[in-house]
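Asks: Kindly generate the corresponding structure for this input.
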Amino acid sequence: MKIGVLGGTFDPVHLAHLAVAKAVKAELGLSEVIFVPAGQPWLKADNYISAAEHRVQMVRLAIAGKSYFRLSTVEIDRPGPSYTVDTMAELREQIGAEDELYFILGWDNLAELPRWREPARLIKLCYLVAVPRPGYPVPDLKKLEGKIPGIARRVIVMDKPQLDISATEIRKRLTRGKPINDLVPEAVAEYIKRHGLYIRA
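Replies: Sure thing, here's the model as predicted:
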């Protein structure tokens, strides 16, 4: 089987996350896509992040009824900072020896990969699927190859979907009292309202 993995803070999960997962699944013929809410993302250590229980529940609501999407709390359950390489190693142990993992990330994150923990080990654990992020150029694989030898053979660069939705913008809209119904699944919008999330900046 070919299994996709989409990690993120999901604060909140939005329609672009779902569209990306669906597009990659279709393009690569994946059996399923696992959504992995971040525990303590080390690259966002200085940023406020909503409680894990809220982020997990929002993902659960967003993917409900979609058998090809699955939730994993592997990072939430693991203490300490969240490193993608550790997550992929743990997921690798959970799947069959013949199965392949495809880690989905944005063009912007792929460009930052040399800063990540053990990138050389990461590309041995999984393929990387880079999807567009508005305002960011197509990753320079030749430049990345110079820093992480072998990466060019382990990266699939996609040119779609082109979606301009960000969790940051959603949070800003909520603090200004603006609607977000066209940006998140209905159940997620209701959850945010019910729990009074993102009311204060």
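Asks: drop to CA atoms for contacts and neighbour counts, all remaining ones
Replies: Fine.
Asks: what's in contact with the helix or strand hosting residue 174?
Replies: Element membership for residue 174, per DSSP states H and E: helix 167-175. Contacts of helix 167-175 with the rest of the structure, by Cα atoms under 8 Å, 6 or more residues apart in numbering, involve 10, 11, 12, 13, 14, 179, 180, 183, 198, 199, 200, 201.
Asks: what is the rounded mean pLDDT of it?
Replies: Computed over helix 167-175, the mean pLDDT rounds to 94.
Asks: what's downstream of it, the next helix or strand?
Replies: Immediately after helix 167-175, counting by DSSP H and E, sits helix 186-195.
Asks: Next, the buried residues of that next one.
Replies: Buried positions in helix 186-195, judged by neighbour count with 16 or more other Cα atoms under 10 Å: 187, 188, 189, 191, 192.
Asks: Let me see the contact set for the residue lying closest to the second one once chain neighbours are set aside.
Replies: Spelled out, that is residue 188. Using Cα to Cα, 6 or more residues apart in numbering and skipping the chain neighbours, the partner closest in space to residue 188 is residue 58 (5.6 Å). Counting by Cα under 8 Å, 6+ apart, residue 58 touches 12, 13, 188, 191.
Asks: Residue 58: what secondary structure?
Replies: helix (DSSP: H, G, I helix; E, B strand; the rest coil).
Asks: Could you check how far it is from residue 5?
Replies: Going from residue 58 to residue 5 by Cα to Cα, to the nearest Å gives 17 Å.
Asks: now residue 25
Replies: For residue 25, the distance to residue 5 equals 10 Å [Cα to Cα].
Asks: Which one of these two is surrounded by more residues?
Replies: residue 5 (25 against 20; other Cα atoms under 10 Å).
Asks: next structured bit after the helix or strand containing the more buried one?
Replies: Assigned by DSSP H and E, residue 5 belongs to strand 2-8. Past strand 2-8, further along toward the C-terminus, the next helix or strand under DSSP H and E is helix 15-28.
Asks: quick one: low-confidence ranges for this structure?
Replies: Filtered on pLDDT under 70, the chain yields the residue ranges 41-47, 200-201.
Asks: same thing but 80
Replies: The chain contains residues with pLDDT under 80 at 40-47, 200-201.
Asks: Farthest-apart pair in the buried residues of helix 186-195, please.
Replies: Maximum pairwise distance among these (Cα to Cα): 8.7 Å, between 187 and 192.
Asks: Can you pull the residues that touch both of residue 25 and residue 5?
Replies: Common contact partners of residue 25 and residue 5 (Cα under 8 Å, 6+ apart): residue 33.
Asks: Export only the CA atoms of stretch 127-137, formatted as CSV.
Replies: The C-alpha trace of stretch 127-137 is given here as CSV (Å, rounded to 0.1, in the frame of the first residue of the first chain):
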residue,chain,number,x,y,z
TYR,A,127,9.0,9.9,-0.1
LEU,A,128,8.3,13.6,0.1
VAL,A,129,5.4,15.1,-1.8
ALA,A,130,5.7,18.9,-2.1
VAL,A,131,2.6,20.9,-2.9
PRO,A,132,2.2,24.5,-3.9
ARG,A,133,2.1,27.3,-1.3
PRO,A,134,0.9,30.7,-2.6
GLY,A,135,3.8,33.2,-2.7
TYR,A,136,6.6,30.6,-2.7
PRO,A,137,8.6,29.4,-5.7
